[in-house]
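A.B. asks: This is the structure alone, sequence omitted:
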DNA sequence: TTGAAAGCGATACCAT
DNA sequence: ATGGTATCGCTTTCAA
């Protein structure tokens, strides 16, 4: 059986309270008492029982992280940073994937209220389905990503501006016929009751920015050049781009709504024998680690992911501190990284 | 204040025990009693306190997952599967990254003994530093990956055979001068006290397989063709491959010890203007999702990741079930996926 | 500064 | 089938 504070107290000849004081190091303990307790602590190889501590304190020392799809390199980068930066604050991270069923978000909310996690970082697919819009008291929650709301704190980038800037970069390169890959399903094709494809909120905002830039350049958006995807994956992008190329001349450029999509599009173009750069250009979004190393290196939208995650944790800490101030919204700046994939 | 079993019991006019019985649904409860309790449950929006339950039951319903580096697409795939398959068993997943400091493995072990997690899936970098080799009783642990041990259960692939098979594939394609990227630092270059580079155990085993295949073909391994890396990353691989190309003619083929490495090597070859396939071939290891979509599509070693993770969870469940049988070892089969990157 | 005792919330044993 | 009660391990009043 594992040692408890009582065992330690008995061995050290003190009371459980004193042991607790030593462990938590808040009040002053006489050095010799402290030494005796520490001796007993290590002698018995004492490990505190977190469940008991959590029950007593009402805090678990863990936060939850809910991402739509853990499979993507982007998710890996976010997870990596959340784990590292949360660790610095002494928090553990429980991870959850929500794309499979929106229900999962509610599960996590429940777990939060069940005191299994003290707070939540949530990347909702779209706000309508999101559990945060539910009635009732919320645990500390911070949203990352694209949905529009002011119920809880949020960290995001300006998707519309970023998409506009990237499209502008393509226009500046002299490209006129610019396809967008990852746009939302056209309304006409939406079937009632079906779940939206992943990334819907981002898809809409990025499409808006793309349209704005085109229109500002006097180019009417062409629905034929908007390629919707079942999923924001290389598979989906390669398949959709391949089908597109069967029915259309290669456009001057493809604006892919994530780098992961761009990898699929590049693959389809390679298969079809379309030169990149040369015949078509390709740009992505997110600046994942791999995008510098794909062939050709990928022009993309970058933002400081560490700052992004750090902000999320700051906001969460604010909430967890019992701060009832108005939810805050942090917008992390972005910039275009031009690389060979959009060279002329 | 949130409702407790007591509150529910009072409202339903029953005892806490009955409420517990209804919630956990083990023993029979009279339908009308059950109905009253369920009514009260939802009326008070009851959420069980996991800390309390954990304290009482000695189980938290969570498992820990410790990977060296969460940043890699491979880690993302493993994490994705662990979360999904653990969810099916009703387990939550707490995630930890260990490459930064080996210390972290001990932290997780501690957390396990602190009953914050009921079991652990550990991918140790190398066994020497691993916390599982420490003395003392271990919580339920399953190792995934490459180290040789028989202290705890383990799921792995046959790295030596896989590397041999892949090298043989390259030989079969007619390549003779085959470089390996990701080999362990030569012993002479190891500085005392410095931490091993990530993936050391795998690096050694894959190097062994590579050597075996070469020797079987009558080709003496050439240390000049063994390219060590600081880290198994695209950056590291691109830099090392670039340096290699400055001093050497391009070899017939590069055997990269992960797909992530291969992406970096492909990038460096592209930058140097070396045709792939054509002048050099490139092969990877792991068959990450992206490898089918890189340019050119990457020959690699595949194994069923779902089976891999499912086995790990099976083994863990065995341990967590209090089974004290001998640790088991599951070897998941592998196969070579030939793609364009090693075409002649 | 330290000790004694109560209590966090859920569950299991022992009754009935 | 259900109720009373002790208990898990820790922290925190309240006293001394």
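C.D. replies: Great, that's in hand. The model shown is predicted, which means the values in this text are computed figures rather than measured ones.
A.B. asks: Stretch A:263-274 and chain B, are they touching?
C.D. replies: Yes: looking at stretch A:263-274 against chain B by C-beta under 8 Å from any C-beta of the partner chain, the contacts come from A:263, A:264, A:266, A:267, A:270. Every C-beta, even on glycine, is put in place using the N, C-alpha and C of the backbone.
A.B. asks: isn't the fourth one right up against residue B:293?
C.D. replies: Yes: contact criterion C-beta atoms under 8 Å: residue A:267 and residue B:293 qualify, at 3.9 Å.
A.B. asks: which neighbours do the two share?
C.D. replies: A:234, A:238 (C-beta atoms under 8 Å, 6 or more residues apart in numbering or on different chains).
A.B. asks: Could you check how many residues crowd around residue A:47?
C.D. replies: 18 (other C-beta atoms under 10 Å in any protein chain shown).
A.B. asks: what's near enough to touch it?
C.D. replies: A:2, A:3, B:110, B:113, B:114.
A.B. asks: and it, that one's in a strand?
C.D. replies: No: Residue A:47 is assigned coil when assessed by DSSP: H, G, I helix; E, B strand; the rest coil, not a strand.
A.B. asks: Per-residue pLDDT of it, please?
C.D. replies: Looking at residue A:47, its pLDDT is 85.
A.B. asks: where's it relative to DNA strand C, distance?
C.D. replies: Separation of residue A:47 from DNA strand C (C-beta to the nearest atom of the strand, to the nearest Å) stands at 18 Å.
A.B. asks: what does residue A:67 give?
C.D. replies: Taking C-beta to the nearest atom of the strand, one finds residue A:67 at 28 Å from DNA strand C.
A.B. asks: That residue bridge partners, please.
C.D. replies: residue A:97 (DSSP bridges).
A.B. asks: if I pick it, what's in contact with it?
C.D. replies: A:75, A:78, A:79, A:95, A:96, A:97, A:98, A:123.
A.B. asks: Can you lay out the residues of stretch A:263-274 next to chain B as TSV showing pLDDT, distance to residue B:88 and neighbour count?
C.D. replies: Converted to TSV, the residues of stretch A:263-274 next to chain B look like this (pLDDT from 0 to 100; distance: C-beta to C-beta, whole Å; neighbours: other C-beta atoms under 10 Å in any protein chain shown):
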residue	pLDDT	distance to residue B:88	neighbour count
A:263	98	29	28
A:264	98	29	28
A:266	98	35	29
A:267	98	32	24
A:270	97	37	19
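A.B. asks: low-confidence ranges in the stretch 51-200 of chain A?
C.D. replies: Residues of the stretch 51-200 of chain A that meet the criterion pLDDT under 70 lie in A:100, A:127-129, A:135-137, A:187-199.
A.B. asks: Quick check: residues of it near DNA strand D?
C.D. replies: Within the stretch 51-200 of chain A, the positions lying close to DNA strand D (C-beta under 7 Å from any atom of the strand) are A:52, A:53, A:55, A:56, A:57.
A.B. asks: Now narrow these to whatever sits close to chain B.
C.D. replies: A:52, A:55.
A.B. asks: The residues of the stretch 51-200 of chain A next to DNA strand D in helices, which ones?
C.D. replies: Members of these lying in helices (criterion: DSSP state H): A:52, A:53, A:55, A:56, A:57.
A.B. asks: of these, buried ones?
C.D. replies: A:52, A:53, A:55 (16 or more other C-beta atoms under 10 Å in any protein chain shown).
A.B. asks: Kindly provide the distance from the last one to residue A:313.
C.D. replies: Here the distance between residue A:55 and residue A:313 works out to 25 Å (C-beta to C-beta, to the nearest Å).
A.B. asks: quick one on the thing from earlier: which one (most neighbours) among the contacts of residue A:47?
C.D. replies: residue B:113 (20 neighbours).
A.B. asks: who's in contact with that residue?
C.D. replies: A:2, A:47, B:139.
A.B. asks: So residue A:155: helix, strand or coil?
C.D. replies: From three-state DSSP, the assignment for residue A:155 is strand.
A.B. asks: pretty sure it is touching residue A:311, no?
C.D. replies: Yes: using C-beta under 8 Å, residue A:155 and residue A:311 qualify as a contacting pair, with a distance of 4.5 Å.
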